[in-house]
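J.: predicted model, plus sequence, below.
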2 protein chains.
Amino acid sequence: MPRAKPAKIEDVAAKAGVSIMSVSRALRGVEGVSEKKRTEILKLARQMKYMPNSNARSLVVANSNLIGISLPTFAGEVFAEILSGMRGTFDSAGYSSVIDTTEYSRTAELSWVKRLLSWQPAAIILTGIDHDPETRALLQASKIPVLEIWDHTGDPIDACVGIDHFSAGELMGQHAMELGYCRPAFVTTPRGHDIRADARLEGVRSVFSGAEIRASRPPLGNAFLTGFHGTLKLIEGGTPDVIFYLNDHMAFGGMMACGQAGLQVPDQIGIVGFNGLDITGVLPVKLTTIKTPRRLMGITGARTILAKINGVSVEAAKALPVELVAGETTRPQSITN
Amino acid sequence: MPRAKPAKIEDVAAKAGVSIMSVSRALRGVEGVSEKKRTEILKLARQMKYMPNSNARSLVVANSNLIGISLPTFAGEVFAEILSGMRGTFDSAGYSSVIDTTEYSRTAELSWVKRLLSWQPAAIILTGIDHDPETRALLQASKIPVLEIWDHTGDPIDACVGIDHFSAGELMGQHAMELGYCRPAFVTTPRGHDIRADARLEGVRSVFSGAEIRASRPPLGNAFLTGFHGTLKLIEGGTPDVIFYLNDHMAFGGMMACGQAGLQVPDQIGIVGFNGLDITGVLPVKLTTIKTPRRLMGITGARTILAKINGVSVEAAKALPVELVAGETTRPQSITN
DNA sequence: AATTTTAACGTTAGCGCTAACTCTAATTGC
DNA sequence: GCAATTAGAGTTAGCGCTAACGTTAAAATT
C-alpha cells in the first residue's frame, strides 16, 4: 500500500536525490538552485502531489498569508460590495481572507480579533471606527497592519479608508434645504446601533440647525419592513415634508408606507435614501440618494493594506467622496407650500 | 525596555515556576494540573498578554480550527443567508471561516482549494456539485470532511445538503400547468453558467413535455436589468403566457418589462420567480415564487459537517424541501384563453 | 508494612519548514 | 599561477507547541 501520509519536502528531496533546502528553494522560487534541478524538483513535487504545509511555514517565518476581514453583516449589498472589491485585490496578491461578521457587536469583534491574532495574519481589516478599547490596544501592540474601512476618522488604529458620514449627512441636508424642505425627519436604526447612521443624522441636523428633526427608530429587522413601519409611525406624529432614511432599502419601504398613507411622492413628501444601490436607478421612480463608492473603497482599502504589508508608507486616513444623486423622490418646494 | 516579542508558553512557565507542559495543559483546559496551579497560570497568562500561536499548535496536531467556505458570489441575499446560517453555527463551535468566492469558475475554485488545503482546515464547504475533477480527487484524497451545499446529488464528494433543483423546476412547472398556462418561457443566465438554473429549466421542461419552452439568456449583469432586458427580448419573439425566472430579482425586472410592454400581470402574463426572498412578501403585488430554505440549509450543513469533524456518522446526502408560494403574479387561466 | 494505584507534574522528541551559516568546486581577476 | 570571488549546493538550529512517555510522592489497597 502507498504511503498514507501526504508527501512533505523531505520525501520530495529523497526522491530527487537532493537536500531538503534545495527543494524548499525550488518550491519557493528563490535563488540557490540551478534551473535544471529546479524544473526537475518541481516536476517531481507535482508528481508526488506535494502540498506545502502553511502552518509549518508560518511558524518559522512568523506570519501568514491570511488577511482577516471583519464586517458587521452580510445582509444587504453594501458590505458585500466592499468585500468583493477587497477580495479581488487580495486574492490576486495571493492572500486568503478569513471573514467575520460581528452583527454590530464590539465584544464579538474583540473575541474574533483575539482568535485571529493567533494565526499571525498579514493584516486585519475592521469595519468602522467604533471598537472595544481592548481591540485597539491589542492591534496596536501587535504591529500588524490594520485597516478601518467604511468610516472616516483622523485618528485611525493604523490606516483608514472610508467616507465621512457626517459630511454625507450634511450633503443630504443641503440638498433638501436647497429644494426648500423645512420639516425634515429621519428613519434609522435604534440609537447607538450603528454610529455611522447617527453621524449622518447629525450631519443633517447641522444643516437644519433651527428645525427639530424627528427620528423614528423602528426595531431591527428586514430593511424594507422597518422602513415601512418606521415611516407609518413617524407620520402618526405629524407629517414631515421630507424623510431621510438609513439606506435605500428602508427608503423603499418608506415610499410604500407613504403610498399607503395617501401621501404622494414627491408632491406631498420627499424621500431621500442612502447608498445609491444599482436598483435605485432601475426602479420606475428614481430615488434621491447618496451614492457611496463601495467597490472603489474595497479596492482602495486593499491596496492601502498591501502597501503597508510591503512596508510602503501610505496616507493614514483617506476619505472618499460621495455623490448626491438627485432622483424623482424629491423636488423643489414652492415658497408658499 | 520590555521584551519586544510576544510572550510564549515558555515565558509564562518561567514566570509561574512550572514546566511548559503544565502551562500548555492549563491553557487548553485538559487534566493534569491542579486547580490551584491552573488558576494561577491562567491569571499570569492574561497578565502577560499571552496569545497562543495557532500555527505551532496546528503544526503538531496536524489540523486547524479553520473551515473553508467557497461561494459563487456575495451578490444577492441567497448565498449571504446560507453563509450566515453556517457561520453562526461554526462560530459558536470555535471555528473560523476562510471564505472564497469563485464567481462561478471551477478553476478559481480549484486553486482556492489547493491554497486552503495547505492550512490543514477542519473542513471544506463548496457550493454546488459541479467541480473540476482535480478538486474532487484532491479533496477525497485529503480525508478532510467536505460539504457540498445548495445543490443535491446522490454522489457527493463526502456530504451534501441542499435542494433538488430539478424537482424545484418541476414544482414551478406543475403550478403553472395546473393553473392552465400553456406557453411557458424561461429567463435565465447564459447556458452552463449556473448548472442549477439549467436543472430547474429542465424540471419545468419535463412537466411541459409537449410544449417547446423558449429560454432567454441575457448576458450577465445586474439581476434587475438582465431580467428586464431578457424579458423584452423574449417578448419580441412572441408572447408567452407565463415566464419563469432564474430568481426573484430577475422576476422583478421582468415584471417591469411586462409593464412597459403593456402586458398586464397576471391578467395577460404570469410571472414566477425563485428563492422567496423577504421582499417578495412585502411588495405591493406579491410574487409567485419558490421559497428556498437558505438559512436552514446553512445551519443544517454546518451541523452535518461538525458531526463529521467529531467522527459522528451522518447521512451523506440530504435534500431539503422547497415550498411553492402562490402569489399574485399567476392566476388560473380560463380554458378559452 | 509492603504493594499497587493514581494525581500531578516534568522530560524528550518531533511536527514541516526556513534563516543563516558552512562547504565545495568552478570561475574570475590580476 | 594563486588569492579572491561566487554559484550551487548541504548542514545546523530552531520556530512554538503538544503527544507520549517518565518520574515522583501521596493515597489507596491488601
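T.: Nice, I can see it.

J.: can you give me the strands in chain A?
T.: A:66-71, A:96-101, A:123-127, A:146-150, A:159-162, A:184-187, A:214-216, A:242-245, A:270-272, A:289-291, A:317-319, A:323-325 (DSSP state E).

J.: show me what A:Leu324 is bridged to.
T.: A:Ile290 (DSSP bridges).

J.: count of neighbours near it?
T.: The number of residues packed near A:Leu324 is 16, by other Cβ atoms under 10 Å in any protein chain shown. All C-beta atoms are positioned from the backbone trio N, CA, C, and that covers glycine.

J.: please report how far it lies from A:Thr330.
T.: 10 Å (Cβ to Cβ, to the nearest Å).

J.: overlap in contacts, those two.
T.: A:175, A:288 (Cβ atoms under 8 Å, 6 or more residues apart in numbering or on different chains).

J.: show me what from the stretch 1-150 of chain A comes close to chain B.
T.: Listed as neighbours of chain B in the stretch 1-150 of chain A under the rule Cβ under 8 Å from any Cβ of the partner chain: A:6, A:49, A:51-56, A:58-59, A:64, A:66, A:73-75, A:77, A:80-81, A:83-84, A:87, A:91, A:96-101, A:112, A:114-120, A:141-142.

J.: let me see the contact set for whichever residue of the stretch 101-250 of chain A sits closest to chain B.
T.: With Cβ to the nearest Cβ, the shortest gap between the stretch 101-250 of chain A and chain B falls at A:Ser118, namely 4.2 Å. Counting by Cβ under 8 Å, 6+ apart, A:Ser118 touches B:51-54.

J.: quick one: contacts for the closest residue to it other than its chain neighbours?
T.: Computed as Cβ to Cβ, 6 or more residues apart in numbering or on different chains, the closest residue to A:Ser118 that is not its neighbour in sequence is B:Ser54, at 4.2 Å. Counting by Cβ under 8 Å, 6+ apart, B:Ser54 touches A:55, A:118-120, B:64-65.

J.: helices of chain A, residue ranges please.
T.: Ranges of helices in chain A, per DSSP state H, are A:9-16, A:20-28, A:35-47, A:54-61, A:77-92, A:106-117, A:133-142, A:165-179, A:195-207, A:223-236, A:248-260, A:294-309.

J.: adding mean pLDDT, write those helices out as CSV.
T.: Compiled in CSV, those are given as follows (pLDDT from 0 to 100):
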stretch, mean pLDDT
helix A:9-16, 95
helix A:20-28, 96
helix A:35-47, 94
helix A:54-61, 97
helix A:77-92, 92
helix A:106-117, 96
helix A:133-142, 95
helix A:165-179, 96
helix A:195-207, 95
helix A:223-236, 92
helix A:248-260, 92
helix A:294-309, 96
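
J.: of those helices, which approaches B:Ala215 most closely?
T.: helix A:77-92 (27.2 Å; Cβ to Cβ).

J.: name the helices or strands packed onto the closest one?
T.: Contacts defined by 3 or more Cβ pairs under 8 Å, 6 or more residues apart in numbering or on different chains; DSSP states H and E place helix A:77-92 against strand A:66-71, strand A:96-101, strand A:123-127, strand A:146-150, helix A:294-309, strand B:96-101.

J.: in the stretch 151-300 of chain A, which residue sits nearest DNA strand D?
T.: A:Asp158 (22.4 Å; Cβ to the nearest atom of the strand).

J.: so what's the spatially closest residue to that residue that is not a sequence neighbour up against?
T.: In space, and not counting its chain neighbours, A:Asp158 is closest to A:Val146: 3.9 Å by Cβ to Cβ, 6+ apart. Contacts here follow Cβ under 8 Å, 6+ apart; on that basis A:Val146 touches A:123-126, A:139-140, A:156-159.

J.: the same query, at a cut-off of 7 Å, please.
T.: By Cβ atoms under 7 Å, 6 or more residues apart in numbering or on different chains, the contact set of A:Val146 is A:123-124, A:126, A:139, A:157-159.

J.: same check, this time on A:Arg331
T.: A:179, A:266.

J.: measure it to A:Gln140 for me?
T.: Using Cβ to Cβ, A:Arg331 is found at 49 Å from A:Gln140.

J.: could you do A:Glu40 as well?
T.: 47 Å.

J.: over to A:Met250?
T.: Counting by Cβ to Cβ, the gap from A:Met250 to A:Gln140 is 36 Å.

J.: okay, the two: which has more neighbours?
T.: Using other Cβ under 10 Å as the criterion, A:Met250 and A:Gln140 rank with A:Met250 on top: 27 against 12.

J.: correct me if wrong: that one contacts A:Gly227.
T.: Yes. Proximity of A:Met250 to A:Gly227 meets the contact threshold set by Cβ atoms under 7 Å, at 3.1 Å.

J.: can you list residues touching both of the two?
T.: Counting by Cβ under 7 Å, 6+ apart, the residues touching both A:Met250 and A:Gly227 are A:Val187.
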